[in-house]
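In: Test case, fold it:
(chains A and B)
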2 protein chains.
Amino acid sequence: MKFVIQRDRLLASIQDVVKAISSRTAIPILTGMKIEAKEDGITLTGSDSDISIESFIPKEEDGIVYVEQIEPGSIVLQAKYFPEIVRKVPMNAVEIESDTQLNVTIRSGSAEFKLNGQDADEYPQLPKLHSEDSFELPADLLKNVIKETVFAVSTQETRPLLTGVNVRVQDDQLHFVATDSHRLASRQIPVSTNEAALGFQNVVIPGKSLTELNKILDENQDPVEIRITNNQILFRTKHLYFLSRLLEGNYPDTSRLIPTESKTSLRIDTKELLRSIDRASLLAKENRNNVVKLITQDSGQLEISSNSPEVGRVVEEVTVQEISGEELRISFSAKYMMDALKVIESEQVKIEFTGAMRPFLIRPTDDEDLMQLITPVRTY
Amino acid sequence: MKFVIQRDRLLASIQDVVKAISSRTAIPILTGMKIEAKEDGITLTGSDSDISIESFIPKEEDGIVYVEQIEPGSIVLQAKYFPEIVRKVPMNAVEIESDTQLNVTIRSGSAEFKLNGQDADEYPQLPKLHSEDSFELPADLLKNVIKETVFAVSTQETRPLLTGVNVRVQDDQLHFVATDSHRLASRQIPVSTNEAALGFQNVVIPGKSLTELNKILDENQDPVEIRITNNQILFRTKHLYFLSRLLEGNYPDTSRLIPTESKTSLRIDTKELLRSIDRASLLAKENRNNVVKLITQDSGQLEISSNSPEVGRVVEEVTVQEISGEELRISFSAKYMMDALKVIESEQVKIEFTGAMRPFLIRPTDDEDLMQLITPVRTY
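Out: So this is what the prediction gives:
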C-alpha cells in the first residue's frame, strides 16, 4: 500500500474516526485505525465494537486532488500515535507506505516515521446492514434534535435502556425521548417518508453514540441517510459512515408521565431565567441535589432562591412576562433546569406547573414540538 | 463595612489575589479572602503563608470612579464562592455590606447573596518588610526573566533549594539561575542601582512564587519595585503587593558546571529545531527519558532521531546554518531541549557541545546574557 495525501484532509478524517477508538477494548486490534487505499481514495476505520466510524477521502473532489500515487492495500496503525504524527509533519504532503512485513513509513519533507503496523485482515469486518429501507434528515436538524434530548439520558447502568434515546414513529412524526426518570426531554419532527418505508417503529440509540455523532456531523443542511435494522443503526453522509449498535428492550411508555392539565402557567425570558438559576445554584453546589426554590409573588414576579446553611443564601426577583393560575412554591434541581433551558433557543419559554409535587413542563413559546419535563424535589 | 464597586474592576483584583489562596491550608481562615474598605479604596488580601497577595482598588483613578458609598470596615469571605458570585452578578454595580454579626450581603440588580463572613481581626497580619533598600525592574523584563528560567527548577522536594530560582548580584549584574541538576537556565541583566543599595547578595525565590507572579504581572513597562529582607521578597506595582518567603540555605555554585571550551559548535533555526525535536519525541513519549539522538552528518546537516522499539522510529534531517568542529553523536531529553528552545525568541540559536558525555550550551545568537544548559543522556 502506498499513497501521498494532503495533511489537512487526512487530519480531518482521522479526527472523526478516532472518536470511535478506545484504548480500553477487549479486542487489541481495535486500538488501531484501519487504513485502506483503493483506486478511488482512502478509507479510515475506527471501532470500539459499539460504534464504528468510516471516513472516506476521495482521490479528487470538486477539482481538488487530495490523494496521489495510490498503490492499493491496507494496514492497521496504532491510533495512539498516528493523529499526532500527522498533525506535526513538516509539509502539507504526507506519503504513507506499508510493506509486506507490515512496516509502515510516513514521510513528509525531510522527516520519516517508521511504525509497526498490524495486519488489516485481522481487523473485524464491520457488520453489513441488510435493511433497504432508509430515510433522510438534514445534518443540522439531526444535530439539533440530539442536542435537545441526549443530555437527559441516564448515566447509570442500572437501567441500561435509559442510557439511550428512544426514537419512535407515530402519526407521521419521529418522536425522540430521553429520560433518566427524574427529567425528560422530548422532541418530535415530521417525516415526509411513508411510515412503512422507515423500516422501524421503535428503537433506542445509545446516548454516547449520538453524542459522538453530533461532534462529527457538520452544521449544514446536507442530508444524513439513516438506516435501521434490528440491532444496528447507520448514519451516512457523503463521506462518512457511522454505525452504532442499538439498545435492546422495550423503552418505557413515557407519555403517561406528561401532565395534561396545568395549575400555574408562566411565560418568562429564557436567558434571564437561566442566569438567575445559575446564580442561585452557586451556593447550592455542595448540596446533593443542587436545589433551588421558585416562589410566585403577589407582585407578579418570581422569587428564585437557594439556601446552603453553612455558606449562605441567595434570593433574586425575576420579572415574568405573563403569569396565571394558582400561587406556587416549588423546589427543583438547578442543574436539570439549566440543562433544559440551555438547549432552548427561543427567546421566551412557557412553564406549566401542576402543583409543587408534580412534574412540570418547559416549552419554547414558538415551538410546540420540543418539551422538557422536570420532577420537583420535595422540600415543603 | 459597605461599598458599591464596579464588577469588572473587582473581578480583576479577585483573580489576582485568589492565586495566593489554597483550599488546603493548616490555617482555616486563609481559605478566605480579606476585604478591607478604607476611605480611599478597597484592599483584597489572599495568602497561603508562603505567598501573600494584596490588590488595591482605588476609589477613583484617572477620572473613573470604581468605588462609591464607602463605609470603612473589613471582613473575610470564603474564596471558594466569592469569585463566582462576582463573575455572575446581573449588573455592573455590586454592593457589598457586612454587619456586626459578620453577615455579608452582596447585592446587584435584583439579586441578593447573604454569606457568612469571618472576623477580619482573626486574619493573620502580613509580615512587614523592614528593608529600606529596593530596586526596580520593568514588568515585562521581569516577566521575561521568570519565563526564561523558572521552568528549569526542580519539582522534587528532596533538594528544596533547587525548587527555587537563585538571584545573585555580581559585577553590576543580576544573575538568575535555575537548575534541577539535569539542566540549567541562566539569565543575567544589568542593574543600574548601586550594588550596596540592593540590600542583598544572594537569595533563592521559590519557583512557584515566580510562576504565580508572572501570571499576575501585566505585560508592560511599568516599574516593579523589589525589596528583599533575610527571608522575604516583596514585588510591588502601583496597586499590587506580592510577598513571598525566600528559601533558606546556600544555593550550589553552578558556575563550574558550565563548560568553557567547545568541540562542536553549530548555528541553527530555533523554530525548525524545536519542531523537529517535537516530532522525534512523538514516539519516545513512553520512554522514561523521552530521549532523542542528534548526529552531525558529513553533508553538514543534523540528523535528529528517536527509537521506541515497540512503536517505531523517527528520523529527520535538519538544515544547519553553520557548523564547525568535531563529529558528534549525542542523546538528550527531548523535553529539556524543547523547554529550553521554547523560551528563546531569537530566530537562531548557537549550540556548543563538548563531546557526547558533557553538558552542552544553547544560546540565542543575538543575546549573550541568556544561556540554557542540558546534560546529555548516556546511550552510546
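
In: The longest helix seen in chain A vs chain B: in contact?
Out: Taking DSSP state H as the assignment, the helix of chain A that covers the most residues is helix A:270-282. Yes: using CB under 8 Å from any CB of the partner chain, we find that helix A:270-282 touches chain B at A:Arg275, A:Ser276, A:Asp278, A:Arg279, A:Leu282. Placement of C-beta: from N, CA and C, glycine included.

In: quick one: pLDDT of the fourth one?
Out: At A:Arg279 the predicted local distance difference test score is 94.

In: Show the contacting residues for it.
Out: When contacts are counted by CB atoms under 8 Å, 6 or more residues apart in numbering or on different chains, A:Arg279 touches A:Val314, A:Glu316, B:Ile85, B:Lys88, B:Val89, B:Pro90, B:Ala111, B:Phe113.

In: Mind checking which of those residues land in strands?
Out: Counting by DSSP state E, the contacts of A:Arg279 place A:Val314, A:Glu316, B:Ala111, B:Phe113 in strands.

In: Is the last one bridged to anything, and to what?
Out: It stands for B:Phe113. Judged by DSSP bridges, the bridge partners of B:Phe113 are A:Val314, B:Ile106.

In: So it is in contact with A:Arg313, correct?
Out: Yes: using CB atoms under 8 Å as the test, B:Phe113 is close enough to A:Arg313 to be in contact (7.4 Å).

In: between the two, which one's more packed in?
Out: Per other CB atoms under 10 Å in any protein chain shown, whichever of B:Phe113 and A:Arg313 has more neighbours is B:Phe113, with 26 against 19.

In: show me what contacts the more buried one?
Out: A:Arg279, A:Leu282, A:Leu283, A:Gly312, A:Arg313, A:Val314, B:Ile85, B:Thr105, B:Ile106, B:Arg107.

In: 6 Å instead, please
Out: A:Val314, B:Ile85, B:Ile106 (CB atoms under 6 Å, 6 or more residues apart in numbering or on different chains).

In: with those in mind, which one is nearest to B:Leu302?
Out: In terms of CB to CB, no member of the contacts of B:Phe113 lies closer to B:Leu302 than B:Ile85, at 55.5 Å.

In: Per-residue pLDDT of that closest one, please?
Out: In this model, B:Ile85 is scored at 95, pLDDT.

In: returning to what we had before: most neighbours of all the residues of helix A:270-282 next to chain B, which one?
Out: Greatest neighbour count in those, by other CB under 10 Å, goes to A:Ser276: 28 neighbours.

In: so it makes contact with A:Val315?
Out: No: contact status for A:Ser276 versus A:Val315: not in contact, 10.4 Å apart, counting by CB atoms under 6 Å.

In: Next, the residue nearest to A:Gln118 when sequence neighbours are not counted: phi, psi?
Out: Sequence neighbours aside, A:Val76 is the residue nearest to A:Gln118 in space, at 4.1 Å (criterion: CB to CB, 6 or more residues apart in numbering or on different chains). In terms of degrees, to the nearest 10, the main-chain angles of A:Val76 are phi -120, psi 130.

In: Next up, the contacts around A:Val76.
Out: So A:Val76 contacts A:Gly32, A:Lys34, A:Gln118, A:Ala120, A:Tyr123 (CB under 6 Å, 6+ apart).

In: one more time with 8 Å
Out: Shown in contact with A:Val76 (CB under 8 Å, 6+ apart): A:Ile29, A:Gly32, A:Met33, A:Lys34, A:Ile35, A:Gly117, A:Gln118, A:Asp119, A:Ala120, A:Glu122, A:Tyr123.

In: Isn't A:Glu225 up against A:Lys238?
Out: No: the criterion here is CB under 8 Å, and A:Glu225 misses it with A:Lys238 at 9.8 Å.

In: out of these two, which sits in the busier spot?
Out: Set A:Glu225 next to A:Lys238 and count neighbours by other CB under 10 Å: A:Glu225 wins out with 14 against 11.

In: The more buried one pairs with what?
Out: In this entry, A:Glu225 is beta-bridged to A:Glu136, A:Arg236, by DSSP bridges.

In: and the residue nearest the centre of chain A, what element?
Out: Central residue of chain A (CA atoms, centre = their mean): A:Thr211, 2.3 Å from the mean position. Counting by DSSP states H and E, the element that carries A:Thr211 is helix A:207-216.

In: in that helix, what's buried?
Out: Using 16 or more other CB atoms under 10 Å in any protein chain shown as the burial criterion, the residues of helix A:207-216 that qualify are A:Gly207, A:Lys208, A:Ser209, A:Leu210, A:Thr211, A:Glu212, A:Leu213, A:Asn214, A:Ile216.

In: Find the nearest non-adjacent residue to A:Arg329, please.
Out: A:Ile295 (4.9 Å).

In: looking at it, that neighbour is touching A:Gln301, isn't it?
Out: No: A:Ile295 is beyond contact range of A:Gln301, at 9.7 Å (criterion: CB under 8 Å).

In: between those two, what contacts are shared?
Out: Common contacts of A:Ile295 and A:Gln301, defined by CB under 8 Å, 6+ apart, are absent altogether.

In: helix or strand right after the longest helix of chain A?
Out: Sequence order places strand A:291-296 as the next helix or strand after helix A:270-282, per DSSP H and E.

In: Okay, now the sheet partners of that next one, with direction.
Out: When pairing is defined by DSSP bridges, strand A:291-296 lines up against strand A:301-308 (antiparallel), strand A:329-333 (antiparallel).

In: Can you report how many residues lie near A:Glu68?
Out: Using other CB under 10 Å, A:Glu68 has 13 other residues around it.

In: And A:Ile27, by the same measure?
Out: By the criterion of other CB under 10 Å, A:Ile27 has 12 neighbours.

In: Of the contacts of A:Val76, which qualify as buried by neighbour count?
Out: Among those, the ones that count as buried by 16+ other CB under 10 Å are A:Gly32, A:Met33, A:Lys34, A:Ile35, A:Gly117, A:Gln118, A:Ala120, A:Tyr123.

In: Now for the fifth one: which residues touch it?
Out: For A:Gly117, the contact set (CB under 8 Å, 6+ apart) comprises A:Ile75, A:Val76, A:Leu77, A:Ser98, A:Leu102, A:Asn103, A:Val104.

In: Then the fourth one?
Out: Shown here is A:Ile35, whose contacts under the criterion CB under 8 Å, 6+ apart are A:Met1, A:Ile42, A:Thr43, A:Leu44, A:Ser74, A:Ile75, A:Val76, A:Leu77, A:Ile96, A:Ala120.

In: just those residues now: which is nearest chain B?
Out: A:Leu77 (9.7 Å; CB to the nearest CB).

In: Can you tell me which residues in the stretch 101-250 of chain A are near chain B?
Out: Residues of the stretch 101-250 of chain A lying near chain B (CB under 8 Å from any CB): A:Val104, A:Ser110, A:Ala111, A:Glu112, A:Phe113, A:Lys114, A:Leu115, A:Asn116.

In: so which helix or strand takes in A:Lys143?
Out: Per DSSP H and E: helix A:139-149 holds A:Lys143.

In: ok, the buried ones among the contacts of A:Val76 vs chain B, which is closest?
Out: Looking across the buried ones among the contacts of A:Val76 and measuring by CB to the nearest CB, the closest to chain B is A:Gly117, at 9.2 Å.

In: hmm, back to that, so of the residues of the stretch 101-250 of chain A next to chain B, which two are at opposite extremes in space?
Out: Longest span within those, CB to CB: A:Ser110 and A:Asn116, 22.1 Å.

In: and the residue of the stretch 201-350 of chain A nearest chain B?
Out: A:Gly312 (3.7 Å).

In: Next one: that residue from B:Val17, what distance?
Out: 20 Å (CB to CB, to the nearest Å).

In: For those two, indicate the residue with more neighbours.
Out: For A:Gly312 versus B:Val17, neighbours defined as other CB under 10 Å are more numerous around B:Val17 (27 against 23).

In: secondary structure class for the more buried one?
Out: With DSSP: H, G, I helix; E, B strand; the rest coil as the basis, B:Val17 sits in helix.

In: Not counting its neighbours along the chain, what's nearest it?
Out: Nearest-residue entry for B:Val17: B:Gly46, 4.0 Å, with adjacent residues in sequence omitted and distances by CB to CB, 6+ apart.
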